[in-house]
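Asks: Got a predicted structure here, sequence first:
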Amino acid sequence: MVTVELERVRKSYDDFVAVDDLSFSISSHQIFGLLGPNGAGKTSSIRMMIGIIRPDAGAVRLFGEPFERRHLHKVGYLPEERGLYRKITVRENLALLGQLSGLTSRDAVARARRWAERLDIAQWVDKRVEEMSKGMQQKVQFIAALLHEPELIIMDEPFAGLDPINANVLKDVILDLKGQGRTILFSTHRMDQVEKLCDAICLVNHGRAVLQGGLREVKAGYGRRFVQIEYEGDGRFLKCPLIESSNNYGNYAEVKLRPGADSQELLRAAMCSAKISRFEVMEPSLEQIFIDRVENAHV
Amino acid sequence: MRMSNGGLRNTWIICKHECFKRIRTRSFLITTFLMPAFLALIVGIPALLGAQAKRNNQRITLACARADLAEIIRERLEVNTTGSYHVTIDTDVSDAEHQRLLDDLKEGRIDGFLWIDAQSIKQGRAIYERRSGRDFMWQQLVRNSVSGGFNRMRMADEGLKPDQIQNMLRGVELETSYSGATPDDHGRSAAAIVTVLLLATALFVTLLSYGVMVMRSVLEEKASRVMEVLLCAATPDELMSGKILGVGAVGLIQVVIWGAMAMVIAAPRGAAPVVGIRVVPLPLMIYFGVFYLLGYLLYSAMFAAVGAAFNSTDEAQHWTFVIISPLIFACTLITPVAAAPNSTLAVITSMIPFCSPVLMYMRLAVESPPAWQIALCFAILIAAIYVVQRIATQIYRVGILMYGKHPTLREMVKWLSYA
């Protein structure tokens, strides 16, 4: 079943086209990564998904139906621009946001306390937001998005500003939510996390989708043209015509082969001039694909 | 304001949140309870001091070359100062006596003396010597008493009999009546008009301060970026209307508390104009509430739109002035409208929706305008609220997501066409 579907969606502000004919869909129970450089149209796309802005053209469908505000009670949203009322307590913030998501005040507070215990901020529930550190505020924001147990959770740059320990806690919660059958969309330009967590991706640039599909297929489709080589001696083999581009660190190099080039032939050429201690043909990392696609678009 | 499904629920949640959040703050408690106490102190202390001064018996010597004149002036003085002045007559007007009186004054044996020697009588003047200038309020009374005395003396010198003099100096009683008067009109005494003037000022102050509060609140939500979190759960229309109603409720609660305090304070004395709510008839109080609400709805929507369009109070500052200028204009017209409530100026300006909460209220306070004018005023005001709210909501909807440089008027007009 498809949880979110964008069909030829377009949004422009005066002369600037933020989202241009964008289509993608997110299957239920998936973790979906919406990727792209800054200003690619990720936030505009998300805002159209949850009705904050209306598309100029195209259609947005949530849970198999054309968008309606009542669907939003099944959606949790963690915006990129985090914000809470600073002068009131965590409990009051969460009670307000919980009520707006359809809970009663009492229910919202009870759930907030359970989440606060899980995320280790229980002793802060009755403190004012302005007294908390940024990382802790981030956790409160995260709780606000999950309080009403949404089926679809949309997170814009969820790991931004988190230290490694808290990022790990958040990752565990995300995997747990996926285990419970929730659908999760996150938008980021941090490829390492997407690579570890996502089932499917859509890469947007200049408001258009430039690459999309399951993570495995995307990588496989890109071919096994990437080679990591550890060597000692002369690195002139890196100049050989089999190689399209390379990144040489002195005794380690990452190499992208030309289409159709044979990696074994490169190995033989390398062995002629250097002592090879490791030669590994790999799938491209998502970061390599990202840079490749975005840079190609600039050329 | 347009509402989505569940919109009323969201509006209600936000309204409650805005209202309770403010009522619990220290600044609300201070302005609600300490401010009136402070004002009462400012108004009360001089009144108390005045009363104190009135109770003090003032020892005044009246040195006059003519005993009959001295007697008339003494009588006038004691009547005019309601017995506060104890006047001793002294017919010795020699230089030595003048010096003695100055010494008495210096030593505090008397509080003042009036010096009217034969020369003064001829020239029609008198000298009033005081120890200090603190009792300037009494000077007019002394002047009236002395000139009253002189007048009576001159008439008697011209051969008029005392009852003829009495007859000539008798004052005129002016009775005012209102044609088409209703029973309420009896409440429209001078004191009532003073209170109405104060209430109109209060209307201006509350409209302004709560409108600005709405604007600041929107600016704060924008700056703290809580706006986007709210927008996932509620529409901009719900956010705006919830905020306007919540802040308005705070204002209403404050006005009601002030009113109640004023009535409690005024109850035993029922005098001082600041606290003289009792003299304002009930229908006028109801009009006050209605005009407060309608005026607030009109102005707060504009403030909300300005709050949404800009990023800081500084940027919004000059627009704040643009918004309140019609209200300031209305306040400058309060006195002319009160003086001539049926003039063309009063009728026209009280129909302008941005002025009517103050000016139509003022007209209602001073006389009974024709029913059709009252109805037309309300119709225009309500229509204006609808239009302004629609425009403000659209600016709000676009503005709350706009950060960075502040928009020009042209850009804001363009926002009106955005989906």
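Replies: Looks like it arrived, so ask away.
Asks: does residue A:186 sit in a helix or strand, and which one?
Replies: Assigned by DSSP states H and E, residue A:186 belongs to strand A:183-188.
Asks: any idea how far residue A:85 is from the closest residue to chain A within the stretch 151-300 of chain B?
Replies: In the stretch 151-300 of chain B, no residue comes nearer to chain A than residue B:225, which is 3.2 Å away by Cβ to the nearest Cβ. C-beta coordinates here come from the backbone N, C-alpha and C atoms, glycine included. Distance, residue B:225 to residue A:85, by Cβ to Cβ, to the nearest Å: 11 Å.
Asks: Looking at those two, which one has more neighbours?
Replies: residue A:85 (22 against 15; other Cβ atoms under 10 Å in any protein chain shown).
Asks: Tell me how chain A divides into domains.
Replies: With domains defined by automatic domain parsing, chain A comprises A:2-220, A:224-282.
Asks: Which one of those lies nearest to residue B:264?
Replies: Closest of the domains of chain A to residue B:264 is domain A:2-220, at 32.3 Å (criterion: Cβ to Cβ).
Asks: So is that closest one next to chain B?
Replies: Yes: using Cβ under 8 Å from any Cβ of the partner chain, we find that domain A:2-220 touches chain B at A:14, A:47, A:50, A:52-54, A:56, A:68-70, A:72, A:75, A:77, A:79, A:81-88, A:92, A:96-97, A:99-102, A:141, A:144.
Asks: Which ones among those map onto helices?
Replies: A:47, A:92, A:96-97, A:99-100, A:141, A:144 (DSSP state H).
Asks: Just name the closest of the residues you listed to chain B, please.
Replies: Minimum distance to chain B across these is 3.6 Å, recorded for residue A:100 (Cβ to the nearest Cβ).
Asks: In contact with the closest residue to that closest one other than its chain neighbours, which residues?
Replies: Nearest non-adjacent residue to residue A:100, counting by Cβ to Cβ, 6 or more residues apart in numbering or on different chains: residue B:233, 3.6 Å away. For residue B:233, the contact set (Cβ atoms under 8 Å, 6 or more residues apart in numbering or on different chains) comprises A:72, A:97, A:100-101, B:10.
Asks: how about 7 Å then?
Replies: A:72, A:97, A:100-101 (Cβ atoms under 7 Å, 6 or more residues apart in numbering or on different chains).
Asks: Next to chain A, which bits of chain B? Give me the list.
Replies: B:4-5, B:10, B:13, B:17, B:21, B:224-234, B:419 (Cβ under 7 Å from any Cβ of the partner chain).
Asks: try it again with 6 Å
Replies: Applying Cβ under 6 Å from any Cβ of the partner chain, we find that chain B lies next to chain A at B:4-5, B:10, B:13, B:17, B:224-226, B:228-229, B:231-234, B:419.
Asks: How far does the helix or strand that contains residue A:210 sit from its chain's centre?
Replies: Using DSSP H and E, residue A:210 maps to strand A:208-214. Taking Cα atoms, centre = their mean, to the nearest Å, one finds strand A:208-214 lying 13 Å from the centre of the chain it belongs to.
Asks: Which residues in that strand does the neighbour count mark as buried?
Replies: Using 16 or more other Cβ atoms under 10 Å in any protein chain shown as the test for burial, strand A:208-214 gives A:208-212.
Asks: still on that earlier bit, check what contacts the strand holding residue A:186 and list those residues.
Replies: With contact meaning Cβ atoms under 6 Å, 6 or more residues apart in numbering or on different chains, strand A:183-188 is reached by A:3, A:26, A:28, A:30-34, A:42, A:152-158.
Asks: could you dump it to PDB, C-alpha only?
Replies: Output of strand A:183-188 as PDB, limited to C-alpha atoms (Å, rounded to 0.1, in the frame of the first residue of the first chain):
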ATOM      1  CA  THR A 183       6.000   4.800   7.500                       C
ATOM      2  CA  ILE A 184       8.900   7.300   7.900                       C
ATOM      3  CA  LEU A 185      10.100  10.000   5.500                       C
ATOM      4  CA  PHE A 186      13.200  11.800   6.200                       C
ATOM      5  CA  SER A 187      14.700  14.600   4.300                       C
ATOM      6  CA  THR A 188      18.400  15.100   4.600                       C
END
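Asks: about what we covered before: can you flag which of the residues of chain B next to chain A belong to strands?
Replies: Using DSSP state E, the subset of the residues of chain B next to chain A located in strands is empty.
Asks: Now do the strands in chain A.
Replies: With DSSP E as the criterion, chain A has strands at A:2-13, A:16-27, A:31-35, A:57-62, A:65-66, A:75-78, A:152-156, A:183-188, A:200-205, A:208-214, A:226-233, A:243-248, A:252-257, A:274-282.
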